[in-house]
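Colleague: One predicted model, sequence on top.
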Amino acid sequence: MPNQPTKLEQLASQIKDLSETLAREKASELSGHRAKQARIIIGEAYEKLRKVVEDLDPIRQPGFVFDLSNPSVVGRIVGITMIAQPRKSLASIERCYGSGVTTAATFPLTPASRKRSIRFMWERSIRPLKP
């Protein structure tokens with residue numbers, strides 16, 4: 001005698017059937033408002049199903065993924081690195097190659113502060129960005 005499917009297995013089978021039926025429907029026949037409502041309802045169901053799938057997986061996903069293509073992650077790394085360095089006064093900056101100077105010069109400046117900033121950069125042999 002074969003094992004009876006569990007309730008979860010029965011529900012999974014029903015979801016599969018329902019998704020196949022839903023895929024056969026013509027979404028283009030819905031008005032814009034009804035299509036939006038359908039997207040919201042399907043999206044909410046999808047999120048709940050995704051959570052069930054995660055819970056069924058014996059291998060858990062990490063809480064955080066170190067992704068260098070994520071600007072927020074890169075911004076935090078750059079910020080922490082800058083804070084970790086000893087502070088230097090701007091007057092002590094010597095002629096050098098590197099990044100950071102460009103970043104410091106790209107924020108919006110008033111005409112007067114831009115003139116002072118450009119003069120400061122030329123005095124330090126740092127080429128400013130063209131306005």
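Modeller: Everything's here; your move. Residues are numbered from 1 along each chain as shown.

Colleague: So, low pLDDT: which residues of this structure?
Modeller: Residues of the chain that meet the criterion pLDDT under 70 lie in 1-2, 96-131.

Colleague: Quickly list the domain ranges of this structure.
Modeller: According to automatic domain parsing, the chain comprises the domains 7-56, 92-131.

Colleague: sec struct for residue 81, please.
Modeller: helix (DSSP: H, G, I helix; E, B strand; the rest coil).

Colleague: tell me, how many neighbours does it end up with?
Modeller: Neighbour count for residue 81, taken as other CB atoms under 10 Å: 9. (Each C-beta comes from the backbone N, C-alpha and C, glycine too.)

Colleague: for residue 65, same thing?
Modeller: Look at residue 65: counted by other CB under 10 Å, it has 8 neighbours.

Colleague: Report the contact partners of it.
Modeller: Applying CB atoms under 8 Å, 6 or more residues apart in numbering to residue 65 gives no contacts.

Colleague: And it, its phi and psi?
Modeller: Per-residue torsions, residue 65: phi -110, psi 130 (degrees, to the nearest 10).

Colleague: Can you tell me how far it is from residue 23?
Modeller: Separation of residue 65 from residue 23 (CB to CB, to the nearest Å): 30 Å.
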